[in-house]
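Asks: With the input below, show me the fold.
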Amino acid sequence: MKQTETLELPVAGMDCTECTMHVKQAIAALPGVKSVDVFLASEKAVVQLDSTVVGLPQIREAVAGAGYSVPLVDIAEMQPSANAQRPISSTPLADFSRPILTIFGVVFGVVLFVVVVGEWLGLSETLTSQVPWPLGLAIVLVGGYPIFRNVIRATLRRQITSHTLMTIGVIAALVVGQWATAAVVVFFMRVGDYAEKFTTERARRAVKDLAAMAPQTARVERDGQEVELPVAQVRPGEVVVVRPGEKIPVDGEVLDGQATVDQAAITGESMPVETGPGAKVYAATLARLGHLRVRTTHAGADTTFGRVIRMVEEAEAHRADVQRMADRFSGYYLPVVLGIALLTFVIRGDPLATAAVLVVACSCSIALATPIAMLASIGAGARRGLLIKGGKYLETLARADVLLIDKTGTLTLGKPQVTDVVTLNGMGDSDLLALAASAERYSEHPLAEAVRAAALERRLPLQEPQQFEALPGLGVRANVNGAAVSVGNRRMIDTARAASDLEAQGKTLLFVARNGELAGVLAAADTLRPEVPEALDAVRQLGVHHIELLTGDNEQTAAALAQQIGLGYRANLLPEDKIRIVKEYQSRGHVVVMVGDGVNDAPALAQADVGIAMGAAGTDVAIEAAHVALMREDWHLVPEVFQIARRTMRVVKTNLGFTGVYNVVGLSLAALGILPPILAAAAQSLPDLGILGNSARLLRQKDGH
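Replies: So this is what the prediction gives:
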């Protein structure tokens, strides 16, 4: 009987995206393995397998055969926060990558200068001839051993890597007696690998920084005592105690206590929030002031924080189409170069020119052009509260031309607020609001909450209501300071006057009567998020001109909001209607982005080319269906993610264009005999340096610019 099991295991030694492919292919080739994803950022593999056929020993052996290793750890206890145990530098991404690339550039410049000057002065051959050829060969083999070992293993598995061609270049240089040329190639292969490793490490630091925030233990109330346990052992429903200055270890609801909570780890918002009974709190947030007792809803990997880490890790599994194109191109590139080298030898009969062709073509820049840029942007976005599930969604976002938006909770705040106070018979605004809020003091209706919030905002004193009575579908009645007060809809108060102007704006009206006489009208509405108009203007400036509001609200309410922000709209929609509209645009060749926040938006978010979940800290279904999640409810993040996508694709295209031009020029000069082998060896790493430097700029993205 088959036993399907999922193993999550660390993998040591991976420094580049090619490494992840080697590990993935080695594990996938094992019988019983159903699927495998390998994540560079978190240095791990997630394997779904039939445990009756294959197990950890076979996987460890396969990974070792690919040139990497699975450290001896307790796999069963691995959590998304496992990386928290690793020492992590606090150096900012940009501050680290800049000096590394600068050092690489200086070393490259010095070596290139020595090589060029030595070649021009005719000293290279004189100097290298003083070194015995066996010693030169030993220098090449020792220096390039780690690379040659991996190339041999890949070749045995019938795989072509960027280092395959570079190794062929080394062999060609050795065949024609140019051991110095081979040594220069090896030198730049190693320097390039280290530079890529450091740049990748800075990109993956976003995941490590997140993982380091996760608390490892929780103080749980069990059998009348507080017991400190590993977070993984906390069960839903248990009460966790959080003291001042501690991180909240679980997702849950506050039972009692007050605290000022820093939620930056989840929402990206730097301002702390005041939290009390009934409030939701999230794992990895910090209770700066006060203490809390929290009833657990989710713990460990199931928390919002756990999902955040998992989403960032899984982003690498979704590779951009342009990245796949580059991978396919690399497979065709080797035979083309070999063909050019053969043609050069046939036509010119010059083994040095042939070797120069092979050497100058052995840059790994094509393989680097896309993944480094994608990983850099995903890491930088994660630090700003933008969770992008994969490079392919960046590529799609950069081409998007249609934006569809849900209303409630997305464009609006998702809860009613009092917008207008209309008084009659000489009563003041504050008096009317205080009277209504006092009568509604014990009502649980959302509109009653809006009235009380409005009174609280104005710091109005509320009276204790007597003979309170809630009338479902109508409103409330109560005695306030000896007066009979009614607050409700038209059906409740017979003397209600027309308020067509307010109703035409899609607002809900509450009529307030005192002793049977109408005292005034309160209007409430789910109000527009204040930053939305500015954010939508920014989206339009990015070239997304077709923006439409999709809502299940009635025609009147939808029209009022759409007119306020200058959008087209469709009202009275069911979830299946939203899917149909997305498909309509897609059938006409548009690239559609959908922004939503709730369960009813999930189908349309999944159907869209890119679905964006607003405020992912509180919407489980939406975050799973969407391709991008905004970890705080701030519409400024929407144009920002468009900007990041477009900037990323500009960098990728620049990388590919530079690589293509450079290779054509280099191959031409080498084939014509203008570029000797040793200069070709020095020049082959120039595009790698350019691509690493260009991609590293994405690590310094600020506010989407």
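
Asks: so which helix or strand takes in residue 253?
Replies: strand 251-262 (DSSP states H and E).

Asks: partner residues bridging the residue most central in space within the chain?
Replies: Centroid-nearest residue in the chain: residue 387, 2.5 Å away (criterion: CA atoms, centre = their mean). Beta-bridge pairing for residue 387 (DSSP bridges): residue 629.

Asks: ok, now residue 247?
Replies: On the basis of DSSP bridges, residue 247 is bridged to residue 286.

Asks: residue contacts, it?
Replies: If you count contacts by CB atoms under 8 Å, 6 or more residues apart in numbering, residue 247 has them with 213, 215, 283-287. The way it works is simple: take the backbone N, C-alpha and C, and place the C-beta from them, glycine included.

Asks: neighbour-wise, which of those residues leads?
Replies: Across the contacts of residue 247, neighbour numbers were computed from other CB atoms under 10 Å; residue 283 holds the maximum, 30 neighbours.

Asks: Show me which helix or strand of the protein is least confident by mean pLDDT.
Replies: Here the helix or strand of the chain ranked lowest by mean pLDDT, DSSP states H and E is helix 93-120, holding a mean of 51.

Asks: Surely the residue nearest to the centre of the chain touches residue 379?
Replies: No. Counting by CB atoms under 8 Å, residue 387 does not reach residue 379; the two are 11.1 Å apart.

Asks: hmm, back to that, what sits up against the strand holding residue 253?
Replies: Applying CB under 8 Å, 6+ apart, the external contacts of strand 251-262 come out as 239-240, 242, 244, 248, 272-283, 285-299, 302-305.

Asks: Which members of those residues occur in helices, if any?
Replies: 304-305 (DSSP state H).

Asks: Only the buried subset of the contacts of strand 251-262, as a ChimeraX command please.
Replies: Provided next is the ChimeraX selection string for whichever of the contacts of strand 251-262 are buried by 16 or more other CB atoms under 10 Å:
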select :239,240,242,248,272,275,279,281,282,283,285,286,287,290,292,294,296,297,298,299,302,303,304,305
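
Asks: Tell me which of the contacts of strand 251-262 fall in strands.
Replies: 239-240, 242, 273-275, 280-281, 286-298 (DSSP state E).

Asks: all strands in the stretch 351-500 of the chain, in order from the N-terminus.
Replies: 386-388, 402-406, 412-423, 466-471, 475-480, 483-488 (DSSP state E, counting those that start in this stretch).

Asks: and residue 543, which of the ones you listed is closest to it?
Replies: strand 402-406 (10.8 Å; CB to CB).

Asks: Pull the closest one out as PDB, backbone CA atoms only.
Replies: Output in PDB follows, covering the C-alpha atoms of strand 402-406 (Å, rounded to 0.1, in the frame of the first residue of the first chain):
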ATOM      1  CA  VAL A 402      -6.400  45.600 -17.300                       C
ATOM      2  CA  LEU A 403      -7.000  46.100 -13.600                       C
ATOM      3  CA  LEU A 404     -10.200  44.700 -12.000                       C
ATOM      4  CA  ILE A 405     -11.000  45.700  -8.500                       C
ATOM      5  CA  ASP A 406     -13.300  44.300  -5.800                       C
END
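
Asks: angle of it against strand 412-423?
Replies: Note on geometry: by axes from the mean of the first three to the mean of the last three CA atoms, to 10 degrees, strand 402-406 and strand 412-423 are set 60 degrees apart in direction.

Asks: ok, now which ones touch the closest residue to residue 356 other than its chain neighbours?
Replies: The shortest distance from residue 356 to any non-neighbouring residue, by CB to CB, 6 or more residues apart in numbering, is to residue 670 (3.8 Å). Counting by CB under 8 Å, 6+ apart, residue 670 touches 344, 353, 356-357, 359-361, 680.

Asks: contacting residues around the spatially closest residue to residue 574 that is not a sequence neighbour?
Replies: Using CB to CB, 6+ apart and skipping the chain neighbours, the partner closest in space to residue 574 is residue 552 (6.8 Å). Residue 552 makes contact with 408, 571-574, 600, according to CB under 8 Å, 6+ apart.

Asks: For stretch 348-359, list every residue counted as buried.
Replies: 351-359.

Asks: Show me the two of those that sit farthest apart.
Replies: 351 and 359 (12.2 Å).

Asks: Mind listing residues that contact stretch 442-460?
Replies: Outside stretch 442-460, the residues that touch it by CB under 8 Å, 6+ apart are 415-418, 430, 433-434, 436-437, 440-441, 462, 465, 468, 470, 476, 487, 508, 510, 522, 524.

Asks: Mind checking which of those are buried?
Replies: Looks like those have 416-418, 433-434, 436-437, 440-441, 462, 465, 468, 470, 476, 487, 508, 510, 522, 524 buried, using 16+ other CB under 10 Å.

Asks: before we move on, back to that, average model confidence for the helix or strand where the residue nearest to residue 356 lies?
Replies: Using DSSP H and E, residue 670 sits within helix 637-671. Over the span of helix 637-671, the pLDDT mean works out to 89.

Asks: just how off-centre is it within its chain?
Replies: Relative to its parent chain, helix 637-671 has a centroid offset of 22 Å by CA atoms, centre = their mean, to the nearest Å.

Asks: buried ones in whichever helix or strand comes after it?
Replies: For helix 637-671, the succeeding helix or strand toward the C-terminus, using DSSP H and E, is helix 677-683. Residues 677-683 are the ones in helix 677-683 that count as buried (16+ other CB under 10 Å).
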